[in-house]
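Colleague: just coords:
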């Protein structure tokens, strides 16, 4: 069975000393053999949706006293940053259960929980799937990943009275055909807080100031305001803040070949600075705790 060794990895510090959890839902690069066999795409094209190497860019997280959760399954196999049952009925040879969400904008774009296309817009599959196969992926990958994330967030909130969840992603340097900005050149970083609903402003300010101080151009909520993870976990009134960060892939990788570029080491060092700021800032810790009180 695929992912018999687990759907995710948690890199933990010896002792968690800060109220922060980092997650990388789209950097998984273990592609099951039956999935590859069912795909019409080659070994590079199938990875177009992958946030390649994001878990490695944030490898410093445990050294700062926080855990890092990383999916092992690829986004093209099942997307952990979607509602659990956003499924396209046109993808399947049989009928979806009544509880499936078949009408979301993401499903319409072919990018549901089990995607029909990769980020470039290319169809993934040669033939239609069985519903049972999609539901199995959700059971063995999606649900365990979110169960682990929910535990980390709740354990952190109980221990410290507050939790910041940083959801780590990468984005193509140019908006794709399925994006809100097709053909548009992207900035270096995008911070998503659901337009203020998922995270206290002072936390987002801190992230933006830190990144700008390192020389990066940063936008908020455009073109990405945060996905399922940010929306689902971000509850500032309960002391849980969620912030999504999107990193321009041109900063650290060859997007065509999906391999690291010479900029990787510099960016990894800068992400360690960001991690340090978000894990050691007493100002936001105390402010956020008051917000959640």
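Modeller: That came through fine. It should be emphasised that the depicted structure is a prediction, and the values quoted were computed from it without experimental measurement. Residues are numbered from 1 along each chain as shown.
Colleague: drop to CA atoms for contacts and neighbour counts, all remaining ones
Modeller: Fine.
Colleague: what's next to stretch 154-168, contact-wise?
Modeller: Applying Cα atoms under 8 Å, 6 or more residues apart in numbering, the external contacts of stretch 154-168 come out as 18-25, 54, 153, 229-230, 233-234, 239-246, 285, 288-289, 292.
Colleague: How far away from the center of its chain is it?
Modeller: 17 Å (Cα atoms, centre = their mean, to the nearest Å).
Colleague: How about stretch 92-99?
Modeller: 27 Å.
Colleague: buried set for that stretch?
Modeller: Neighbour-count burial for stretch 92-99, counted by 16 or more other Cα atoms under 10 Å, picks out 92, 96.
Colleague: what's the first-to-last distance across it?
Modeller: Start-to-end span of stretch 92-99 (Cα to Cα, to the nearest Å) is 15 Å.
Colleague: Repeat that for stretch 8-19.
Modeller: With Cα to Cα as the measure, stretch 8-19 spans 21 Å from end to end.
Colleague: Show me the contact partners of that stretch.
Modeller: 62-73, 141, 144-145, 156-157, 159-160, 162-164, 279-280, 285.
Colleague: Swap in 7 Å and give it another go.
Modeller: Defining contact as Cα atoms under 7 Å, 6 or more residues apart in numbering, one finds that stretch 8-19 is touched by 62-63, 65-72, 145, 156, 160, 162-164, 279.
Colleague: Show me how far that stretch is from its chain's centre.
Modeller: With Cα atoms, centre = their mean, you get 18 Å for stretch 8-19.
Colleague: Now, the contacts of stretch 154-168 that are in strands?
Modeller: 20-24, 240-246 (DSSP state E).
Colleague: got JSON lines for those residues, with neighbour count too?
Modeller: Shown next, in JSON lines, are these (neighbours: other Cα atoms under 10 Å):
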{"residue": "20", "neighbour count": "30"}
{"residue": "21", "neighbour count": "25"}
{"residue": "22", "neighbour count": "28"}
{"residue": "23", "neighbour count": "23"}
{"residue": "24", "neighbour count": "26"}
{"residue": "240", "neighbour count": "27"}
{"residue": "241", "neighbour count": "28"}
{"residue": "242", "neighbour count": "30"}
{"residue": "243", "neighbour count": "28"}
{"residue": "244", "neighbour count": "28"}
{"residue": "245", "neighbour count": "22"}
{"residue": "246", "neighbour count": "26"}
